[in-house]
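Participant: Mind folding the following:
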Amino acid sequence: MVPQSAIELAKRFEGFEKRVKRGTEISAVPYVCPAGFWTIGYGHLCAQDHPPITQDEAEAYLAQDLVKALNATLRHCPVLATEPEGRLAAIVDFTFNLGAGRLQTSTLRRRINQRDWSGAAMELQRWVYGGGRVLQGLMTRREAEVQLMLCSDELRTGRSG
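Facilitator: You can find the predicted model right below:
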């Protein structure tokens with residue numbers, strides 16, 4: 001099951017912002033994300049000519065996409081199955097945002113599987129580029145993921161920052 005905090009992160013950083021009125025219904029239309037991909041709803045990859053979707057359709061796409069991200073995250077980082085939920089949620093959000101291929105080939109994956117959480121936090125903070133430039137939104141998103149991952153460690157050990 002996808003952690004609730006992963007759903008909340010995805011919604012917070014993807015949003016359902018591109019809206020058009022179609023009768024009385026609010027719909028999302030395809031747009032090009034900062035990395036140059038056609039997207040709709042909550043960051044769902046799509047074709048340029050994808051028809052507008054409703055909020056409910058965006059939620060359904062998000063649920064499907066997060067299940068895929070969860071499965072890929074656990075496949076590449078099986079140690080997360082026994083870690084606190086917040087830690088898993090942070091990496092599921094990363095995988096949802098950047099794709100399983102990026103996680104699979106990353107030093108981040110190596111740090112996670114070594115349970116090197118401070119190293120993993122440093123690696124997360126390196127993934128802030130979109131379209132060849134640093135994006136403030138990605139910096140904020142990575143910081144939220146880091147906080148979720150490290151707070152999970154504090155909760156587990158009973159220590160605080």
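Participant: So which helix or strand of this protein has the lowest pLDDT on average?
Facilitator: Least confident helix or strand of the chain, by mean pLDDT, DSSP states H and E, is strand 19-22 with a mean of 68.
Participant: Give me the three-state assignment for G36.
Facilitator: Using DSSP: H, G, I helix; E, B strand; the rest coil, the structure places G36 in coil.
Participant: From the centre of the chain outward, give me the first residue you hit.
Facilitator: Centroid-nearest residue in the chain: D93, 2.4 Å away (criterion: Cα atoms, centre = their mean).
Participant: in terms of contact, does that residue touch L9 like I think?
Facilitator: Yes. Counting by Cβ atoms under 8 Å, D93 touches L9, with 4.2 Å between them. (C-beta placed from N, C-alpha, C; glycine too.)
Participant: Quick check: neighbours shared by the two?
Facilitator: The contact sets of D93 and L9 overlap at R141, E145 (Cβ atoms under 8 Å, 6 or more residues apart in numbering).
Participant: Contacts only, for the nearest residue to M139 once chain neighbours are set aside.
Facilitator: Spatial nearest neighbour of M139, chain neighbours left out: V128 (4.8 Å); criterion: Cβ to Cβ, 6 or more residues apart in numbering. V128 is in contact with V134, L135, L138, M139, R142, counting by Cβ under 8 Å, 6+ apart.
Participant: could you redo the last one with a cut-off of 6 Å?
Facilitator: Going by Cβ atoms under 6 Å, 6 or more residues apart in numbering, V128 touches V134, L138, M139, R142.
Participant: Scan those and report the most crowded one.
Facilitator: In terms of neighbours by other Cβ atoms under 10 Å, the contacts of V128 top out with R142 at 22 neighbours.
Participant: so that one, which of the three states?
Facilitator: helix.
Participant: What's the per-residue pLDDT of it here?
Facilitator: Looking at R142, its pLDDT reads 98.
Participant: What distance do you get for it to Q64?
Facilitator: Distance of R142 to Q64, given as Cβ to Cβ, to the nearest Å: 24 Å.
Participant: how about the residue lying closest to L74 once chain neighbours are set aside, phi and psi?
Facilitator: For L74, ignoring the flanking residues on the chain, the nearest one in space by Cβ to Cβ, 6+ apart is A81 at 5.8 Å. Per-residue torsions, A81: phi -70, psi -20 (degrees, to the nearest 10).
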